[in-house]
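Chemist: sequence first, predicted coordinates after that:
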Amino acid sequence: MSDINLPSAPLWRRLAAMVYDLFNVVGISFLLAAILIPTSSHLFNNGEPIGELPIPVAASYFFIIIFFFYTTFWRRKRQTLGMKAWGLKIANELKPQTPLSLGQCMLRIGIGFFSIGLGGLGFWWALWDKQEKTWHDHASFTRIVFDPEAS
């Protein structure tokens, strides 16, 4: 069965997969922080180590980690570790049965962050949307589907 013909994933399942993925992203962030802080913190204080990175730099690192995490999984396997655990896949509505393009990933992540910044409004949108799609689903021409065989 084509991914596009599978039923849309309920919002609660999508949020559960996000929480699962959050643990993975935080773990990767701690690992990279242990490497990056000692090696790069001296760049921001006239050559003297400061022990922590400025907030904009740390936020940029975190955003880059999230971007690479999601983009890598979506493009290679069409699901993250959390999505796999909850039986979810990402379906490409532009080219069914193909991985997402880099542009689709960028739209999903960018609009997803914007949505979270507005209190998750773009996610809650799926509760009223006839297709059960979030803002970032609509913008990137994708859909999260439930596939019991995906887990």
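Modeler: Received the coordinates, thanks.
Chemist: low-scoring stretches of the chain, by residue?
Modeler: Judged by pLDDT under 70, the chain has its weakly predicted residues at 1-2, 36-53, 150-151.
Chemist: for it, which helix is longest?
Modeler: helix 11-40 (DSSP state H).
Chemist: now do the buried residues in it.
Modeler: By neighbour count with 16 or more other C-beta atoms under 10 Å, helix 11-40 contains the buried residues Leu11, Arg13, Arg14, Ala16, Ala17, Met18, Tyr20, Asp21, Val25, Ser29, Ala33, Ile37. (Glycine included, C-beta is placed from N, CA and C.)
Chemist: over to stretch 58-78?
Modeler: For stretch 58-78, by 16+ other C-beta under 10 Å, it's Tyr61, Phe62, Ile65, Ile66, Phe69, Tyr70, Thr71, Phe73, Trp74, Arg75, Arg78.
Chemist: quick one: contacts for the fourth one?
Modeler: Yep, that's Ile66 we're talking about. Ile66 makes contacts with Val25, Ile109, as judged by C-beta atoms under 8 Å, 6 or more residues apart in numbering.
Chemist: do you know how far it is from Pro96?
Modeler: As judged by C-beta to C-beta, to the nearest Å, Ile66 and Pro96 stand 26 Å apart.
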